[in-house]
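Asks: Take a look and give me a structure for this.
(one chain, ligands or ions: 1)
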Amino acid sequence: SLNTERHEYDVVVIGAGGAGLRAAIEARQQGKKTAIVCKSLFGKAHTVMAEGGAAAAMGNVNPDDNWMVHFRDTMRGGKFLNNWRMAELHAKEAPDRVWELEAWGALFDRTKDGKISQRNFGGHEYPRLAHVGDRTGLEMIRTLQQRVVALQQEDYETHGDYEAYIKVFAECTITRLLKDGDKISGAFGYWRESGNFVLFDAPAVVLATGGIGKSYVVTSNSWEYTGDGHALALLAGAKLINMEFIQFHPTGMVWPPSVRGILVTESVRGDGGVLRNSEGKRFMFDYIPEVFKDKYATTEEEGDRWYTDQANNRRPPELLPRDEVARAINAEVKAGRGSPQGGVFLDVSTRLPAEEIKKRLPSMHHQFKELADVDITAEPMQVGPTCHYIMGGVEVDADSGAAAVPGLFAAGEVSGGMHGSNRLGGNSLSDLLVFGRRAGAGAAAYVDGLAARPKVAQELVDEAREEALAPLGRTGENPYEVHHELQRTMNDLVGIIRKAGEVSEALGVVEKLRERVQLIGAAGSRIYNPGWHLAIDLRNMVLVSECVARAALLREESRGGHTRDDFPGMNPDWRRKLLACSTEDGSAVQVEEKVQPSMRGDLITLFDRDELNKYLTDEEMTEFDGISK
Ligand code: FAD
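Replies: Have a look, this model is predicted:
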């Protein structure tokens, strides 16, 4: 129909993963009329796929853990490029957010004395991940949904309408944010099933759309992660930071080809799994970088002892941060020491009894049995790096999640800053809860402070509708071919190891793809038409890929999820610099350099001078010596 369906809300949350649900719950609890819009079925988000757990320094398994240790680990994992205020809030608030989930009905695995159990993960000094077997995300989503339902039941009691204050719009894709002057006034999208359009008139929008993995061929991400939120923010005038930093998870399945990229949880290594090359060697001992030398075991014996005695031994190098392990695997395969299917071997069968493996890693056991006919209780898996997570995203205010555009907020994977150049495993689920809540509160406070409600201009709605309809009227290029070329280009030329020449080549391809996207034709009608949906998503994927490639070309150093073959090693001058991407009208991406503010005195003095010396400039060290005196 030509009449666009219209809804009025105070806050529209785009995305129903952990960040979106937590934000929506908060906005509703602050009395705001809230919509939750999601592209797929309600409950089907990345968050539900999360396996390992949520990092929170509760100190249940090792009482020495506390927010300061977690803060330090997070900053180290991100190689000190993190927005330190976010890392601070995250480390301080994560335990409360996990306990809150239990109050809402979650049931985490327990220690012997009945506390929430915590497991080891890469880069975390102590066992820290609250978990439910290897299905933590499922419990998190289930609990948050249950909380939404509980609030709806309250609203029914009070208003006679379950959906009076919080309503879910599932299988509905947002394609444009609308503005009145410089302020957000709403969001425009379509119902995936009918192809009919829908307009949300709202002064505040919280983006919680997750990642961008579908710009790469080999990825752990599912079809939804086409960087929509990143692109929506850019097109609305916000900035994206840290886009060059992409996490290639070290362990994705490599075989059979149809499942290449599917995640093999880090819990396998956390629970004792070891990595070996084709010569049977535990190669990670050869890849401990200088900055981490004193924190990791140097012999297999010490690494093995650590599983039972953590006080007197150092952790095995299989548990280095993800970027280190991914590069090591990549190097082993390149050197011809890979497994038959082009990965390396990951073996937990020699560490734990079969029953224990099935108990601790039920999904992994099932996944390998079903998909690869491999019994992980008896034989090694073959694994290799897979595009998993983007550290980059919308530049936000740490405390409120506010983007530079008034009325726009972002939380979760779509936001940038918290994880710096590399995210530690488990720090995403906690990030979603901490900053989802803060963004929901930020949006509510913003709405309260508005003098007048911004208006939706009909011409912007018409433009958004025309833009969405355009591919249907054309007999142009096939969206699947364009997508495939983008994925190959990003995978091969802007992957784990980057070189100026290759990244420039990729940029050339991406620029051409941007023009080709304008010519894509989708056959068929508006009724459930995946080719049309992909044509729409491609605008976003191409825009986001351009940000990744441009930033990757400019950053002439290697750090975390950005490795430059031609600039190996970290450069302290680059540590302070953020690359911020923006666009005028979507036709090209501009990148500007920004300098990060210095870390607050009480936070920087949580680190030893020797450690800081590995990361900071001489100038910063002089500043530090002034503070620590
Ligand atoms: P998501 O959960 O990704 O949700 C995004 C939502 O946005 C979805 O509802 C989607 O439908 C919606 N959406 C997207 N675009 C649009 C649009 N245009 N219009 C409307 N809706 C839209 N992290 C950990 O901390 N611990 C783990 O153990 C862990 N394991 C993982 C395992 C796997 C297999 C994967 C893929 C990731 C894992 N991660 C883990 C990372 C973590 O799960 C994600 O980073 C996190 O769940 C992202 O949450 P989110 O709320 O930001 O977005």
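Asks: low-confidence ranges in the stretch 201-350 of the chain?
Replies: Judged against pLDDT under 70, the stretch 201-350 of the chain has no low-scoring part.
Asks: Can you pull up the residues of it that come close to the ligand?
Replies: 208-210, 220-221, 224, 228-229, 263 (CB under 6 Å from any ligand atom). Heads up, the C-betas are built off the backbone N, CA and C, glycines and all.
Asks: could I get those as TSV with neighbour count?
Replies: Listed next are these as TSV, based on neighbours: other CB atoms under 10 Å:
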residue	neighbour count
Ala208	36
Thr209	36
Gly210	33
Ser220	25
Asn221	24
Glu224	21
Asp228	27
Gly229	33
Leu263	22
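Asks: need these in JSON lines with distance to Ser504 and secondary structure, can you?
Replies: JSON lines is the format used below for those (distance: CB to CB, whole Å; DSSP: H, G, I helix; E, B strand; the rest coil):
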{"residue": "Ala208", "distance to Ser504": "34", "secondary structure": "coil"}
{"residue": "Thr209", "distance to Ser504": "29", "secondary structure": "coil"}
{"residue": "Gly210", "distance to Ser504": "29", "secondary structure": "coil"}
{"residue": "Ser220", "distance to Ser504": "28", "secondary structure": "coil"}
{"residue": "Asn221", "distance to Ser504": "26", "secondary structure": "coil"}
{"residue": "Glu224", "distance to Ser504": "30", "secondary structure": "coil"}
{"residue": "Asp228", "distance to Ser504": "27", "secondary structure": "helix"}
{"residue": "Gly229", "distance to Ser504": "27", "secondary structure": "helix"}
{"residue": "Leu263", "distance to Ser504": "31", "secondary structure": "strand"}
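Asks: Out of the residues you listed, flag the one nearest to Leu513.
Replies: Set against Leu513, the nearest of these by CB to CB is Asp228 (17.1 Å).
Asks: can you give me the helices in the stretch 251-400 of the chain?
Replies: Remark: helices assigned in the stretch 251-400 of the chain by DSSP state H, counting those that start in this stretch are 267-270, 300-306, 322-334, 354-360, 362-372.
Asks: mind checking which of those is nearest His249?
Replies: Counting by CB to CB, His249 lies closest to helix 322-334 out of the helices of the stretch 251-400 of the chain; the figure is 6.0 Å.
Asks: what's the nearest residue to whichever residue of the stretch 251-400 of the chain sits closest to the ligand if we skip its chain neighbours?
Replies: Distance from the ligand to each residue of the stretch 251-400 of the chain (CB to the nearest ligand atom) is smallest for Leu263, at 3.7 Å. What sits nearest to Leu263 in space, not counting adjacent residues and going by CB to CB, 6 or more residues apart in numbering, is Ser220, at 4.0 Å.
Asks: hang on, isn't Glu505 packed against Leu493?
Replies: Yes. Using CB atoms under 8 Å, Glu505 is in contact with Leu493, at 5.7 Å.
Asks: of the two, who's got more company?
Replies: When neighbours are counted by other CB atoms under 10 Å, Leu493 comes out ahead of the other of Glu505 and Leu493, with 21 against 16.
Asks: Asp431: neighbouring residues, count only.
Replies: 28.
Asks: That one: helix or strand, and which one exactly?
Replies: helix 427-449 (DSSP states H and E).
Asks: and that helix, what other elements does it pack with?
Replies: strand 11-14, helix 18-29, strand 54-55, helix 84-103, helix 136-159, strand 204-207, strand 408-410 (3 or more CB pairs under 8 Å, 6 or more residues apart in numbering; DSSP states H and E).
Asks: who touches the shortest one?
Replies: This means strand 54-55. 70, 94, 98, 121, 124, 128-131, 136, 140, 424-427, 429-430, 433 (CB atoms under 8 Å, 6 or more residues apart in numbering).
Asks: mind running it again at 10 Å?
Replies: Identification of contacts with strand 54-55 by CB atoms under 10 Å, 6 or more residues apart in numbering yields 18, 70, 73-74, 90-91, 94-95, 97-98, 101, 106, 108, 116, 118-119, 121, 123-124, 128-132, 136-137, 139-140, 424-434.
Asks: Of the residues you listed, which ones also sit close to the ligand?
Replies: Of the residues in these, proximity to the ligand by CB under 6 Å from any ligand atom holds for 18, 136-137, 425-429, 432.
Asks: what sits against the one residue in the stretch 101-250 of the chain that gets nearest to the ligand?
Replies: The nearest approach of the stretch 101-250 of the chain to the ligand comes at Gly210, 2.4 Å away (CB to the nearest ligand atom). Each residue near Gly210 by CB under 10 Å, 6+ apart is listed here: 15-20, 39, 45-47, 221-222, 224-230, 389-390, 393, 412-414, 428, 432.
Asks: repeat that for 8 Å
Replies: Listed by CB under 8 Å, 6+ apart, the contact set of Gly210 reads 15, 17, 19, 45-46, 221, 224-225, 229, 412-414.
Asks: what stretches of this protein score poorly on pLDDT?
Replies: 1-2.
Asks: that older thread, which one of the helices and strands packed on helix 427-449 lies closest to Phe169?
Replies: Using CB to CB, the helices and strands packed on helix 427-449 put strand 11-14 closest to Phe169, at 9.0 Å.
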